[in-house]
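> Take a look and give me a structure for this.
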Amino acid sequence: MLKFAMRRWTHAMAVAGILAIAPARYSQEAPAGQIAAPQAPAAALGGIDALLPRLEAGAQLPAVMQPGMRLTWLAASASIPGVRSHLVQDDQGNWVDPGSGQRYSEQETRGTAGAGYVQVTVAHAAPDLILADGRTYLITDVQKNECMSTLGTAYVGTGASLTEFWVHPARLAALKPGKAAGVSIFVGPYPLNGVKYNAVIVRTDTASGYVGYTYDLDTGLLLVYSASSAGVGVQVVGPDGKVTGGAGTASIASTRFISARPLHIPWANEAAPQWATKGRQLAYQGTQTTVIPNAPVPSMSAQINTTITSAGPNWVTNHIASRVAYPNFPPIEGAQDRVAGSQVLPGMWIGTRALADLKPNTVIDQDPVTRFQTTFAGVQNNRAMVVEENPLERDEYYYNTQTGMLTGLRIAQQQGIGQTQTQVQLAE
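Model (predicted):
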């Protein structure tokens, strides 16, 4: 679970623009020629929350909102320029408005686009608290369905909702078809992925676009999120050679539900180890290197500090601070919150009782969407190794067999002709 802190230094730094998805309401442009990496959604239920009643006490959680469930969505975002180029006021610019004498520089209007998977794994589920760990994957080749992991985040909710991914069906059932104040509600069958759902659609129209949510009334899962908005107008050169108004950049976003499935982790029923308590700090140190054939690149120092911010019987929440640096250069720092637990892969710990029954090369999980296979590789020198691997990356997790603690991590991620390799060990 620590690897996403390091991913901020590698892939997410190289693909600098991040488009928020599921829902993708916020965007930031990526450099020219690059696609935007997926990022997790907003931390709270959106505008439809005001339309929903409070959840009555005693409401049971559905099967999709139980510990160990992995939920997957496909998400995509794009910004579409309204004009090929626009004017920016610039005293040194080489274009002068004949009407005002104001100088401008002409700049290309660039668009961005990206697609990826968002996976949410439920670590704890109770009426007063739901905790889930989110992971995002950037699709780098649509035809081959190849993706690489990018970022991660913690999701916190209650029995009423888990951000915009899930709303309790009892709350959704109160929505009635109709239209008022720009909000339209539709209820009826909704086909998706070969399944016909009983769904509710809530669409809000504004002067600049729309936002729509489609939920499964039986499970409460988000089936589709879609949004479109027109950007702020820009200045362009008009037909008469003077400055005039031009169309801004439009933004579109779409998120589509793919699947819900339970993980079958051998140590799912084991309690958190004794050391996993609130306030516990773990420090990891190592290096990060980009390997390019016939082009030596110096290594960077890598540090990760994780602090357990809350703890339960078989779960914890963490705050992770990361830092990498070349000698004599300013460091690159990042921070994020994550959720770990006995029913989350990969984990901050491994169940020590389950190790006795695990055979080397035992496949723990095979994800049909991201194509990551999780394997228990075996034990050597009092260290158990768990490997996550797909066509573009290999992540190795090392655990102390006595305490279950994560003691080391090695990441190898292919990026074009190069490979980024990160290795860290628990500091003694």
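
> Moving C-terminal from the helix or strand where Gln413 lies, which element do we reach first?
Under the assignment given by DSSP states H and E, the secondary-structure element containing Gln413 is strand 406-415. Beyond strand 406-415 on the C-terminal side, the first helix or strand identified by DSSP H and E is strand 418-426.

> Going by contacts, tell me the helices and strands next to that following strand.
Contact partners of strand 418-426 among helices and strands, from 3 or more Cβ pairs under 8 Å, 6 or more residues apart in numbering; DSSP states H and E: helix 3-7, strand 281-291, strand 300-311, strand 406-415. Where C-beta positions appear, they are placed from N, C-alpha and C, glycine not excepted.

> closest to Ala321 out of those?
Distance to Ala321, taken as Cβ to Cβ, is lowest for strand 300-311 among the helices and strands packed on strand 418-426, at 4.8 Å.

> Pipe the helices and strands packed on strand 418-426 into a markdown table and attach mean pLDDT and mean neighbour count per row.
Rendered in a markdown table, the data for the helices and strands packed on strand 418-426 read as follows (pLDDT from 0 to 100; neighbours: other Cβ atoms under 10 Å):
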| stretch | mean pLDDT | mean neighbour count |
| --- | --- | --- |
| helix 3-7 | 45 | 25 |
| strand 281-291 | 94 | 17 |
| strand 300-311 | 95 | 18 |
| strand 406-415 | 94 | 19 |
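
> picking up where we left off before, can you give me the angle the strand holding Gln413 makes with strand 281-291?
Computed by axes from the mean of the first three to the mean of the last three Cα atoms, to 10 degrees, the angle separating strand 406-415 from strand 281-291 equals 30 degrees.

> for the helix or strand Ala260 falls within, packing partners?
For Ala260, the element it lies in under DSSP H and E is strand 250-262. With contacts defined as 3+ Cβ pairs under 8 Å, 6+ apart, the secondary structure elements packing on strand 250-262 are strand 69-80, strand 209-216, strand 222-229.

> before we move on, back to that, turn the helices and strands packed on strand 418-426 into JSON lines, columns for distance to Glu270.
Compiled in JSON lines, these are given as follows (distance: least, Cβ to Cβ, whole Å):
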{"stretch": "helix 3-7", "distance to Glu270": "22"}
{"stretch": "strand 281-291", "distance to Glu270": "19"}
{"stretch": "strand 300-311", "distance to Glu270": "15"}
{"stretch": "strand 406-415", "distance to Glu270": "15"}
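
> Just tell me which of these ends up closest to His264.
Distance to His264, taken as Cβ to Cβ, is lowest for strand 406-415 among the helices and strands packed on strand 418-426, at 20.8 Å.

> Neighbours of Tyr398, how many?
20 (other Cβ atoms under 10 Å).

> For the host helix or strand of it, which helices and strands make contact with it?
Per DSSP H and E, Tyr398 falls inside strand 393-400. Using 3+ Cβ pairs under 8 Å, 6+ apart as the contact criterion, the elements in contact with strand 393-400 are strand 146-157, strand 383-390, strand 406-415.

> Of those, which is nearest Leu71?
Shortest separation from Leu71 across these is recorded for strand 146-157, at 10.4 Å, computed as Cβ to Cβ.

> Let me see the mean pLDDT of the closest one.
Strand 146-157 shows an average pLDDT of 93 in the prediction.

> Over to stretch 268-279?
For stretch 268-279, the mean confidence score works out to 97.

> sorry, back to before: distance to Ile185 for the helices and strands packed on strand 393-400 - can I get that in TSV?
Output for the helices and strands packed on strand 393-400, formatted as TSV (distance: least, Cβ to Cβ, whole Å):
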stretch	distance to Ile185
strand 146-157	23
strand 383-390	40
strand 406-415	44
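
> and Arg256, which of these is closest to it?
Ranking these by their distance to Arg256 (criterion: Cβ to Cβ) puts strand 146-157 first, at 15.4 Å.

> Report the next helix or strand after the closest one in sequence order.
In the C-terminal direction from strand 146-157 (assignment by DSSP H and E), the next one is strand 161-162.

> and for the very next helix or strand once past that next one, what are the contacting residues?
Secondary structure here is assigned by DSSP H and E; on that basis, the next helix or strand after strand 161-162 toward the C-terminus is strand 166-167. With contact meaning Cβ atoms under 8 Å, 6 or more residues apart in numbering, strand 166-167 is reached by 45, 48, 52, 64-65, 71, 157, 160-161, 215, 219-222.

> what's next to the very next helix or strand once past strand 166-167, contact-wise?
Downstream of strand 166-167, the first helix or strand assigned by DSSP H and E is helix 169-172. In this structure, residues lying in contact with helix 169-172 by Cβ under 8 Å, 6+ apart are 52-56, 59, 62, 160-161, 200, 215, 217-220.

> Give me the angle between the longest strand along the chain and strand 146-157.
Taking DSSP state E as the criterion, the chain has its longest strand at strand 112-126. Going by the same axes, to 10 degrees, strand 112-126 is angled at 40 degrees with respect to strand 146-157.

> relative to strand 69-80, how tilted is strand 112-126?
150 degrees.

> what's the following helix or strand past strand 112-126 packed up against?
Sequence order places strand 129-141 as the next helix or strand after strand 112-126, per DSSP H and E. Packed against strand 129-141, as judged by 3+ Cβ pairs under 8 Å, 6+ apart, are the following elements: strand 37-39, strand 112-126, strand 146-157, strand 332-341.

> Output the below-cut-off pLDDT ranges for the stretch 301-428 of the chain.
Along the stretch 301-428 of the chain, segments meeting pLDDT under 70 span 428.
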